[in-house]
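*Asks:* Predicted model, plus sequence, below.
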Amino acid sequence: MDFALMWESLPKLLDGAGMTFQLVFLSLALGFVVAVGVALLRLSPFRAISSIAYAYVFVFRGTPLLVQIFLIYYGLGQFEAVRESFLWPFFREPYWCAILALTLNTGAYTSEIIRGGIQSVPWGQVEAARACGMSGPLLFRRIIFPVAIRQALPAYGNEIILMVKSTSLASTITILEITGIARKIISQTFLPVEIFVVAGAIYLTINFVVTRGVRYLEHRLSPHLRRSPEPRPVLAGELAR
């Protein structure tokens, strides 16, 4: 093991962490918006609407993310209508193609997580809110959605971790995030083990922080999981008062 090379490559790989964070945050933020909309469509009583949402979820959950990235980056450019449209400056950039692929992918998975959270909301709370005169939008904003997010948080934490690791696939379309820079260094040094060990350690550190952050949020949003303080023993003198 060339420890000197590992130490020298660390700052270069950390520079790629900034691009990794951008891919993760943008795709998760946009994907969450998509997921909420798709989850509501999946719960729609209209079969045609729910079927469209189901088809989207089925396709993006059933195909590899790498194939989705290639189809968006390489596939759309072969259509003349796309090349001549106002969207071409967007689709010809690998960065935005990666964001789009990651967003659609995490939106499909997250929509099922949110849908499960919504369906797990106790019906008694919904009935109580309706008895208090809450309308549909207010009921969703004040009761259903907060409870659903709290229920879905552990599963969504896993999705965040998966997205951090999935950003490594963006290196296949020339984006220099952590894995992309690692591959560039390996092409110059021909020492893949040392470089990938350092890159793996960076991913591990990021996911460790994510895990702790999700656990903290779960603790804060679930008061019933918090430990109650230990009862203080009552002294004999205090009983006499």
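*Replies:* Ah, there it is.

*Asks:* Tell me where the longest helix sits in this structure.
*Replies:* Longest helix in the chain, counting residues (DSSP state H): helix 3-42.

*Asks:* I'd like to know which elements that helix is packed against.
*Replies:* helix 47-62, helix 94-119, helix 145-166, helix 178-189, helix 192-221 (3 or more C-beta pairs under 8 Å, 6 or more residues apart in numbering; DSSP states H and E). The way it works is simple: take the backbone N, C-alpha and C, and place the C-beta from them, glycine included.

*Asks:* Quick check: the gap between the spatially most central residue of the chain and P154.
*Replies:* Per C-alpha atoms, centre = their mean, the C-alpha nearest to the average position across the chain is that of I160, at 3.5 Å. For I160, the distance to P154 equals 11 Å [C-beta to C-beta, to the nearest Å].

*Asks:* Quick check: which ranges of this protein have low pLDDT?
*Replies:* Within the chain, the set of residues satisfying pLDDT under 70 comprises 223-241.

*Asks:* 50 instead?
*Replies:* Filtered on pLDDT under 50, the chain yields the residue ranges 238-241.

*Asks:* Nearest to Q125, out of the helices and strands packed on helix 3-42?
*Replies:* Q125 lies closest, by C-beta to C-beta, to one member of the helices and strands packed on helix 3-42: helix 145-166, at 6.8 Å.

*Asks:* Please enumerate residues in contact with the closest one?
*Replies:* 20, 24, 27-28, 65, 102, 105-106, 109-110, 113-114, 116-118, 120-122, 125, 203, 206-207, 210-211, 214-215, 217-218, 221-222 (C-beta atoms under 8 Å, 6 or more residues apart in numbering).

*Asks:* residues near I72, how many?
*Replies:* If you count neighbours by other C-beta atoms under 10 Å, I72 ends up with 20.

*Asks:* okay, the angle between the strand or helix carrying R130 and helix 145-166?
*Replies:* Using DSSP states H and E, R130 sits within helix 123-131. Angle, helix 123-131 to helix 145-166, by axes from the mean of the first three to the mean of the last three C-alpha atoms, to 10 degrees: 130 degrees.

*Asks:* Fine by me, we can end here.
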